[in-house]
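Chemist: starting from these lines, generate the structure:
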Amino acid sequence: MLVLSSPSGAGKTTISRELLAQEPDITLSVSCTTRPKRPGEVSGRDYHFIALDDFDLMRNRQEFLEYAKVFGHYYGTPRAPVETALAQGRDVLFDIDWQGTQQVRQSARSDLVSVFILPPSADELARRLHRRASDPEDVVAARMAKASQEISHWAEYDYIVVNDEVAKSVAQVRAILHAERLRRERQIGLTEFVKRLDGEL
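Modeler: All right, here's what the predicted structure looks like:
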């Protein structure tokens, strides 16, 4: 379970999309949200856009691995698709915030790798939020105000990537993914392989 988190505008969604395009053995955990769809977003690819009543129903049935309220809207990770992908031996990518990461960590610490994406500067973060142009000015201001609180959680993460250039950041996240896949405890069938190898010596 690979988690990418960042303050809004630091680039985690862009990095996530590039990672998915370059890594065939990882699947995206598509979150549910009660917020409206932004221009260019596709339901089922970017988010499952659902009504608040439906979100409450899923929450009451404990169908979320994690959920949080962010900027007046709810976000949650459906449990069933994640468990199915993991059971099939696939890695799962999460694009969630620090609150969600804390919740997932409580239930899946040994299987979780967390990466926090930082912007290269506050000015660049503001530029990216304005360039996105899908949020009104008051929402951009709120995101900037909240960035400091989000960044304060950086030390809770396993890895830190400063996103000054997307291609470089994607390469760094891929390196983390490849290294974590090589951990002894994550290599399925390794014990049997070593026993067989030892028997041949």
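
Chemist: Glu18 - that's part of a helix, no?
Modeler: Yes - with DSSP: H, G, I helix; E, B strand; the rest coil as the criterion, Glu18 is part of a helix.

Chemist: now Ala10: phi and psi?
Modeler: Note on Ala10: its backbone torsions stand at phi -80, psi -20 [degrees, to the nearest 10].

Chemist: and for Trp154, the neighbour number?
Modeler: 15 (other C-beta atoms under 10 Å). The C-beta positions use only the backbone N, C-alpha and C, and glycine is treated the same way.

Chemist: give me the pLDDT for it.
Modeler: What the model reports as pLDDT for Trp154 is 95.

Chemist: so what would you say the end-to-end distance of stretch 1-15 is?
Modeler: In terms of C-alpha to C-alpha, to the nearest Å, the two terminal residues of stretch 1-15 are separated by 16 Å.

Chemist: can you check stretch 154-164 too?
Modeler: 17 Å.

Chemist: please identify the buried residues of it?
Modeler: Residues of stretch 154-164 classed as buried by neighbour count (16 or more other C-beta atoms under 10 Å): Tyr157, Tyr159, Val161, Asn163.

Chemist: for Thr191, see how far away the first one is.
Modeler: Spelled out, that is Tyr157. Note on Tyr157: its distance to Thr191, by C-beta to C-beta, to the nearest Å, is 30 Å.

Chemist: now do the second one
Modeler: With distances defined as C-beta to C-beta, the gap from Tyr159 to Thr191 amounts to 27 Å.

Chemist: who does Ile160 form a beta bridge with?
Modeler: Under DSSP bridges, the beta-bridge partners of Ile160 are Phe116.

Chemist: let me know whether it touches Trp154 as I believe.
Modeler: Yes - the pair Ile160 and Trp154 qualifies as a contact (C-beta atoms under 8 Å) at a distance of 6.1 Å.

Chemist: list residues touching both of these two?
Modeler: Residues touching both Ile160 and Trp154 by C-beta atoms under 8 Å, 6 or more residues apart in numbering: Phe116, Leu118.

Chemist: what residues are up against the closest residue to Leu52 other than its chain neighbours?
Modeler: Computed as C-beta to C-beta, 6 or more residues apart in numbering, the closest residue to Leu52 that is not its neighbour in sequence is Thr34, at 5.0 Å. Listed by C-beta under 8 Å, 6+ apart, the contact set of Thr34 reads Phe49, Ile50, Ala51, Leu52, Phe55, His73, Tyr74, Tyr75.

Chemist: so for the fourth one, what's the pLDDT?
Modeler: You'll see Leu52 listed with a pLDDT of 96.
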